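1. quick one, fold the following:
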Amino acid sequence: MKVFESSSGSHAEYSIDKTDLSTDLFIFPTSYPQQRLWLVDKLTDTTVNYIISSVFRLQGKLNIEALRAALNAIVHRHEALRTCFAEQDGGPVQVILSSLSVPLTMTDLRSFSQQQRLLEVARLIRINEATAFDLERLPLLRFQLLRIRDDEYIFLLAFHHIIYDGWSKDVFLRELSVLYEAFCLEQSSPLPKLPIQYADYAVWQREWLQGESKKQLLDYWKSRLSGASALELPTDRPRPAEQSYRTENRSFSLSPDLTEALKALSRHEGVTFFMTLAAAFQVLLHRYSGQDDIVIGTPTFGRNRLELEGLIGFFVNTLVLRTDLSGNPGFRELLAQVREVTVGAYANQDIPFEKLVEALHPQRGLSRNPLFQVMFVFQNTPESPLQLQGITSELLQAGNGTNQFELTLELTETPQGLSGRVEYATDLFEAATIERLIGH
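-> This is a model prediction of the structure:
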């Protein structure tokens, strides 16, 4: 018997009996976020959109066997990384293998000329990001090492989002650093045993969201979102009957002085930096659409319990933020409203977005996402470094690969100011339109 404490302070108890299919396999229900991704995978050809990838340059005398052992120690430690999915009674279940060895694919490019090597590295990175996973087949992750010189490597990672999220990346890289050092010294793993696994969370989530807990959360969101309007941004092309999920992105930056001025405004008005940026974005959407009722989504880590912080898995939830710009409010007035909306949303974040959609019955179709069309993402923590003993590591690129919206604005706080990226649906928008939006 395990116990989780809910965000409201109450306790929910649950017990788990693993269904033993064989000596090697176990069956569990999926979490609600996993169920949604499984359904999207079944209905549309969008698997590639759900790959989370990272590319690192490693320089130094790399202990390849220690790296291989460390990678598989993490796979053994986290059941989510030994999980694939099957259909049972019309829905998905997690299929967990008791043991799994994931290969570290090696490619030696030392004999290539410098130009050939650059082209081949770029090609292999593209393949890593674009090669889809089959949810019914293990593993749902890839490790690849490209050797470009005797003491220089390109290290490629790829995971399907259904078993991994942004927080998981921090956990994975932190544990990889610890295990690599231990194995280089021929020591055993110093990491403590995990008290729970992702499947424990999935069962708890389903059992907790019953009765009064679920009703209270749904009552709040129904009152907040009743009668919400779909955002109608002007597009360059007619809306297709079905989204292709093809996207492009454009990047930009805001100066350190402007970033600090925005922070000062936030402090003066008693709001968070996130709230100020979200409000500004909603004003922009209001001007573009001509609508007063502005609804956007924003992701949350979904780990508001201590037991979940050290787990690898898919915990991300989505909050819906609805703002009323009727009556031409001043920006300070709007900030006060956004603060109230945001605080309320986070206080009621335990309802999975999938259950919210199910309860609200929005008009569904393959041409639009339910409840909102535009996502706002704010990152105020730097991308996790990979620290391997005796190795200089540099993050070359990272891809979240999960965009399914008409428009996503991602802002990241850096020492050089705010770094921004707009990802947009190429079915709807031309690049020039997005450049103009960024300018505005």
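2. can you give me the strands in the stretch 1-150 of the chain?
-> If you assign secondary structure with DSSP state E, counting those that start in this stretch, the strands in the stretch 1-150 of the chain sit at 2-5, 11-14, 19-20, 25-29, 51-59, 83-88, 91-97, 104-108, 141-149.
3. again with the stretch 251-400 of the chain
-> Applying DSSP E, counting those that start in this stretch to the stretch 251-400 of the chain gives strands spanning 293-300, 317-324, 374-379, 392-399.
4. which other residues reach the first one?
-> Going back to what we said before, that points to strand 293-300. With Cβ atoms under 8 Å, 6 or more residues apart in numbering as the contact definition, strand 293-300 has outside contacts at 225, 228-231, 278, 281-282, 285-286, 316-326, 346, 349, 371-372, 374-378, 405. Heads up, the C-betas are built off the backbone N, CA and C, glycines and all.
5. same deal with the shortest one?
-> By Cβ under 8 Å, 6+ apart, the list of residues contacting strand 374-379 from outside reads 231, 233, 273-274, 277-278, 281, 285, 296-299, 321, 403, 405-413.
6. which of the contacts of strand 293-300 are buried? Put it as a PyMOL command.
-> For selection in PyMOL, the members of those meeting the burial criterion (16 or more other Cβ atoms under 10 Å) are listed in this command:
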select buried, resi 225+228+230+231+278+281+282+285+286+316+317+318+319+320+321+322+323+325+349+371+372+374+375+376+377+378+405
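7. show me the one of the strands of the stretch 1-150 of the chain that comes nearest Glu129.
-> When these are compared by Cβ to Cβ, strand 51-59 sits nearest Glu129, at 5.0 Å.
8. may I see the buried residues of the closest one?
-> By neighbour count on 16+ other Cβ under 10 Å, the buried set for strand 51-59 is 51-58.
9. relative to that strand, what are the paired strands and their orientations?
-> When pairing is defined by DSSP bridges, strand 51-59 lines up against strand 152-160 (antiparallel), strand 392-399 (antiparallel).
10. and the longest one, what's buried?
-> Going back to what we said before, that points to strand 152-160. Buried residues in strand 152-160, counted by 16+ other Cβ under 10 Å: 153-160.
11. for stretch 124-139, same thing?
-> Of the residues in stretch 124-139, those buried under the neighbour-count criterion (16+ other Cβ under 10 Å) are 124-125, 128-129, 133, 135, 138-139.
12. please point out which parts of stretch 26-46 sit buried.
-> Within stretch 26-46, the residues scored as buried using 16+ other Cβ under 10 Å are 26, 28-38, 40-41, 46.
13. picking up where we left off before, okay, and which of the buried residues of stretch 124-139 map to helices?
-> 124-125, 128-129 (DSSP state H).
14. distance to Trp204 and pLDDT added to those residues, as JSON lines?
-> Output for these, formatted as JSON lines (distance: Cβ to Cβ, whole Å; pLDDT from 0 to 100):
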{"residue": "Leu124", "distance to Trp204": "40", "pLDDT": "96"}
{"residue": "Ile125", "distance to Trp204": "38", "pLDDT": "94"}
{"residue": "Asn128", "distance to Trp204": "34", "pLDDT": "93"}
{"residue": "Glu129", "distance to Trp204": "33", "pLDDT": "88"}
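15. could those go into JSON lines alongside distance to Trp167?
-> Listed next are those as JSON lines, based on distance: Cβ to Cβ, whole Å:
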{"residue": "Leu124", "distance to Trp167": "27"}
{"residue": "Ile125", "distance to Trp167": "24"}
{"residue": "Asn128", "distance to Trp167": "22"}
{"residue": "Glu129", "distance to Trp167": "21"}
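16. on that earlier part again, want to throw the buried residues of stretch 124-139 into CSV with distance to Ser419?
-> Shown next, in CSV, are the buried residues of stretch 124-139 (distance: Cβ to Cβ, whole Å):
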residue, distance to Ser419
Leu124, 26
Ile125, 21
Asn128, 23
Glu129, 20
Phe133, 29
Leu135, 33
Leu138, 36
Pro139, 32
